[in-house]
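>>> Fold the stuff below for me.
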Amino acid sequence: NPHLEEISILDEDEFLILACDGVWDEISDQEAVDLCREEQNPSLAATKLRDFGYLLGSDDNLSVIVIRFK
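Predicted coordinates:
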């Protein structure tokens, strides 16, 4: 079952990370945030998150979208 949560986006929010469980099974929320803060290009940030999950051993689907607000 998908994990769903409704939140309000605030002015101080930098980006949104949408990823499947293959990513979150291997990468903590904070690790993902840190990686996305280091990479300003959202497409490259998504690729790095996907690759990092794969390198950590995920054998599940590794889909990632990063949406940068600022």
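>>> Please report how far the closest residue in space to Tyr54 that isn't next to it in sequence lies from Ala19.
In this structure, Tyr54 finds its nearest non-sequential neighbour in Leu62, 5.8 Å apart by Cβ to Cβ, 6 or more residues apart in numbering. For glycine as for every other residue, the C-beta is placed from the backbone atoms N, C-alpha and C. Using Cβ to Cβ, to the nearest Å, Leu62 is found at 8 Å from Ala19.
>>> Repeat that for Leu35.
11 Å.
>>> since we're on Ala46, how many residues are nearby?
22 (other Cβ atoms under 10 Å).
>>> Verify the stated contact: it with Arg68.
No - at 10.4 Å, Ala46 and Arg68 do not qualify as touching, with contact defined as Cβ atoms under 8 Å.
>>> Spit out the contact partners of the closest residue to Leu56 other than its chain neighbours.
Nearest in space to Leu56, with sequence neighbours left out and distances taken as Cβ to Cβ, 6+ apart, is Glu26 at 4.0 Å. Going by Cβ atoms under 8 Å, 6 or more residues apart in numbering, Glu26 touches 52-53, 56-58.
>>> average pLDDT across stretch 4-24?
Mean per-residue pLDDT for stretch 4-24: 93.
>>> for that stretch, how far is the first residue from the last?
14 Å (Cα to Cα, to the nearest Å).
>>> Give me the distance from that stretch to the chain's centre.
Between the centre of stretch 4-24 and the centre of its chain there are 8 Å (Cα atoms, centre = their mean, to the nearest Å).
>>> Likewise for stretch 38-46?
10 Å.
>>> For that stretch, buried residues please.
For stretch 38-46, the neighbour count (16 or more other Cβ atoms under 10 Å) marks 39, 42, 45-46 as buried.
>>> got a list of contacts for it?
15, 35-36, 48, 64-68.
>>> Repeat the analysis, applying 10 Å as the threshold.
Stretch 38-46 has contacts (Cβ atoms under 10 Å, 6 or more residues apart in numbering) with 15-19, 23, 32, 35-37, 47-49, 63-70.
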